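Student: Need a 3D model of the sequence below.
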Amino acid sequence: MADTVRYLLEEMVPELEALEQRGYFSRQEIKAVVQKRQDFEYALKRKAAVREDYLRYIDYEERLEELRASRRASRSISGKAGLAEYCIVRRTHFIYERATRKFRGDLDLWSRWLRFCQRTRSSKQMSKVLTKALQLHSGCAALWTYAAAWEFESNLNAAAARALMQRGLRMCKHAPQLWHEYFRLELLYALRLRERRRVLGIGAGDDDGMALDADAEEGEGGDEAAAAVAAVLNGAVAQVVYRNAIAAFPDSVPFRAKFLEILAPLHFPGRVSLKQQVAALDAMAAGGSGSGEEGRQRREAAEWLRQRTQEAFEEAAADGLLTEALRLDGIAFFLHCGDAHAAAAAARAGTQALPQSAALWQQLLALEAVLAAEQLGGSSSPAGRQQGSEGSEDSSDDEELPLTPAAGAASLAATAATATQHSSGAAQKRLEETALAALQAVPAADAMPVWLAAVEVLCAGSCSLQALAQQLVQSAMRQARGPVEGGLGTVAAVMLAALHRAGGIAAARALYRVLLPLPPPGGDFFRALLRLEAEEQAAAAAGSVAAQPAGSKAAAVEPLSDKQLGELFEAATDAYGAEDAQLWLQYADWRASRDGPAAGGAAAVYWKARKMLRRPEEFEAAYHLRYKLQPVGMA
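Tutor: Next up is the predicted model:
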């Protein structure tokens, strides 16, 4: 093992000498790089080498390349690019090759390598990597799509892109997204051809077809050739792709609807007829045209099915057979039918039967907000919008498709946040009570999405956040130290931002001063409060009034002194300084902004961070890149 590592290190000598001669690194820094690479190579040569060893090595080389590029700009290193400019990128490719040879089935590793090739503009290497990846993972539809997109966009080779898509369809017969991307490829190719002809002045097109020069096309085959060219430019190949796609997936309406979404932002003469063809087939599969006796019968059948489905849900609920997933499906079904009241009733029943379900409480919060808006104006809710759209039988060419049940349920939370802006006082009180009931019922480990939904809905409705803040304090008292990211710390950070928007920095301080003596809720909490206080201090230093949100009635509050804010930073690093590199960078940025980069404040933070962090490599690299300092002891 030692001989192999020594051989690999000896191969690095020419590139390391080139880096030193070009002035990118000093002799001491080169020694540190060699020592670091030697440690990584020994880790890769051990019998139990794992994927993370390769990723750490790759991450180090990428950060080293970033430092080299940064120094090239800062030190004005010019001249023709040579070994020193591409040796680190070449070595990173070598590490990726060794990693994928050992972990061939790891798609994430292959995707990282492909992104690195694209980022470094390694075109030849990209072609080789794609070939190897497709040989090993021929059943991955995303890889075929990526390869075709690269050929079409980077190599400008439409024929190769089309061949890749067709081969991918043969290898992945049950991948509908490949049909969508093939359809998009042919449309973009037709648009590119039309634009090229327009720039070259070969011909001009309109919605009725291409006006070709008759003198340029003589003979019996001239008209046929002109018609073929016009058909291609108007999207005839895309129409063939669409017909083959619906033949492969004949029973999926969402599959057909996706083609309309792809067509929506594109503009070319054949778009209208193609969109009409897709929409007609989609309407036929979804329930007819809606006119005449056939349309009336279909509407009656749809209403009967809705009532029967609702009865089935009610019977299952009475027998105690509804699980959380079934209740969520029922809510999505009622929303798809436009019955927000039935959906809210189903959500209330679900929270009573399963009080610890975070997903059901989220749905109930959003539905309460929508119903509150509907009480003031029926057009504010999804049901009101559906009623307002009834009777309008004409649809424009760019009209969007109605939401599917899954999409309607997913967009409910965003709709609710807007709807609560029109809520009355009684509705706001009901929302506050629902939010508190949800947070008290859901276990703390699962409550973060409920917290975020409650803050979003209550803030949008101008509701009071005091009760929510008190509940947050009680939750912080009951838990141990929170994680660096996520958990209750994220909730506290969102609450601080919401209170700052509503009442200024004084309202945010009132909350975080209560939370500081308690067990730390999380690293996100400290980063948020430090960011707010640093912004207030910077605004005051610039000679402006401390930043207050628009419409806030809070009086201006003095910013914290450097000593007070420094104590907050120290409290944060005492709690999370061993794990949170971003916190130390934030601390160093603040010190540099107050004392100046050359005053030594940021350097003091740097040395303290190196001692406290368990893994200081990420912090050191980011610090050197940010301040362009000499990286003393990169090991």
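
Student: What is the burial count for Y606?
Tutor: By other C-beta atoms under 10 Å, the residues close to Y606 number 23. In short, each C-beta sits where N, CA and C put it, glycine included.

Student: Now it: closest residue in space that isn't a chain neighbour?
Tutor: Spatially, and ignoring its direct neighbours in sequence, Y606 is nearest to Y623 (5.7 Å; C-beta to C-beta, 6 or more residues apart in numbering).

Student: Convert the C-alpha atoms of the helix or strand harbouring the one you found to PDB, please.
Tutor: Applying DSSP states H and E as the criterion places Y623 in helix 617-627. What follows is helix 617-627 as a C-alpha-only set of coordinates in PDB (Å, rounded to 0.1, in the frame of the first residue of the first chain):
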ATOM      1  CA  GLU A 617     -11.500  21.900   6.900                       C
ATOM      2  CA  GLU A 618     -14.700  23.400   5.500                       C
ATOM      3  CA  PHE A 619     -14.400  26.500   7.600                       C
ATOM      4  CA  GLU A 620     -10.700  27.000   6.700                       C
ATOM      5  CA  ALA A 621     -11.300  26.700   2.900                       C
ATOM      6  CA  ALA A 622     -14.300  29.100   3.000                       C
ATOM      7  CA  TYR A 623     -12.400  31.600   5.100                       C
ATOM      8  CA  HIS A 624      -9.300  31.600   2.800                       C
ATOM      9  CA  LEU A 625     -11.500  32.000  -0.300                       C
ATOM     10  CA  ARG A 626     -13.500  34.800   1.300                       C
ATOM     11  CA  TYR A 627     -10.500  36.900   2.600                       C
END
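
Student: Return the set of buried residues in that helix.
Tutor: Buried residues in helix 617-627, counted by 16 or more other C-beta atoms under 10 Å: 617-625.

Student: And stretch 574-593, by the same measure?
Tutor: Neighbour counts using 16+ other C-beta under 10 Å place 575-577, 580-581, 583-592 of stretch 574-593 among the buried residues.

Student: centre of the chain versus that stretch, how much separation?
Tutor: Remark: stretch 574-593 is offset 26 Å from the chain centroid, using C-alpha atoms, centre = their mean, to the nearest Å.

Student: Need the contact partners of it.
Tutor: With contact meaning C-beta atoms under 8 Å, 6 or more residues apart in numbering, stretch 574-593 is reached by 481, 484, 520, 523, 526-527, 530-531, 534, 538, 565, 569, 572-573, 601-602, 604-606, 609, 612-616, 618-619, 622-623, 626-627.

Student: repeat that with 6 Å
Tutor: Contacts with stretch 574-593, where a contact means C-beta atoms under 6 Å, 6 or more residues apart in numbering, come from 484, 520, 523, 534, 569, 572, 601-602, 605, 609, 612, 614, 618-619, 622.

Student: Now the buried members of those.
Tutor: Buried members of the contacts of stretch 574-593, scored by 16+ other C-beta under 10 Å, are 484, 520, 523, 534, 569, 572, 601-602, 605, 609, 612, 618-619, 622.

Student: Out of the residues you listed, which is nearest to E41?
Tutor: Among the buried ones among the contacts of stretch 574-593, E618 lies closest to E41 (C-beta to C-beta), at 20.6 Å.

Student: Let me see the confidence value for F525.
Tutor: Here the pLDDT value assigned to F525 is 92.

Student: For the host helix or strand of it, which helices and strands make contact with it?
Tutor: Assessed by DSSP H and E, F525 sits inside helix 523-541. Helices and strands touching helix 523-541, by 3 or more C-beta pairs under 6 Å, 6 or more residues apart in numbering; DSSP states H and E, are helix 488-515, helix 562-576.

Student: mind redoing it with 8 Å?
Tutor: If contacts are counted by 3 or more C-beta pairs under 8 Å, 6 or more residues apart in numbering; DSSP states H and E, helix 523-541 sits against helix 488-515, helix 562-576, helix 581-595.

Student: can you pull the buried residues of the first one?
Tutor: Of the residues in helix 488-515, those scored as buried under the neighbour-count criterion (16+ other C-beta under 10 Å) are 488-509, 511-512, 515.

Student: swap in stretch 33-53?
Tutor: Neighbour-count burial for stretch 33-53 [16+ other C-beta under 10 Å]: 33, 36-38, 40-41, 43-44, 49, 53.

Student: now swap in stretch 82-96 and tell me
Tutor: For stretch 82-96, the neighbour count (16+ other C-beta under 10 Å) marks 84-85, 87-89, 91-93, 95-96 as buried.

Student: Kindly report the same for stretch 142-156.
Tutor: By neighbour count on 16+ other C-beta under 10 Å, the buried set for stretch 142-156 is 142-152.

Student: Which ones among the residues you listed lie within helices?
Tutor: Filtering the buried residues of stretch 142-156 for membership in helices, criterion DSSP state H, returns 142-152.

Student: residue ranges with poor pLDDT in the protein?
Tutor: For the chain, applying pLDDT under 70 flags the ranges 1, 203-223, 268-295, 373-424, 461, 543-556, 597-599, 628-635.
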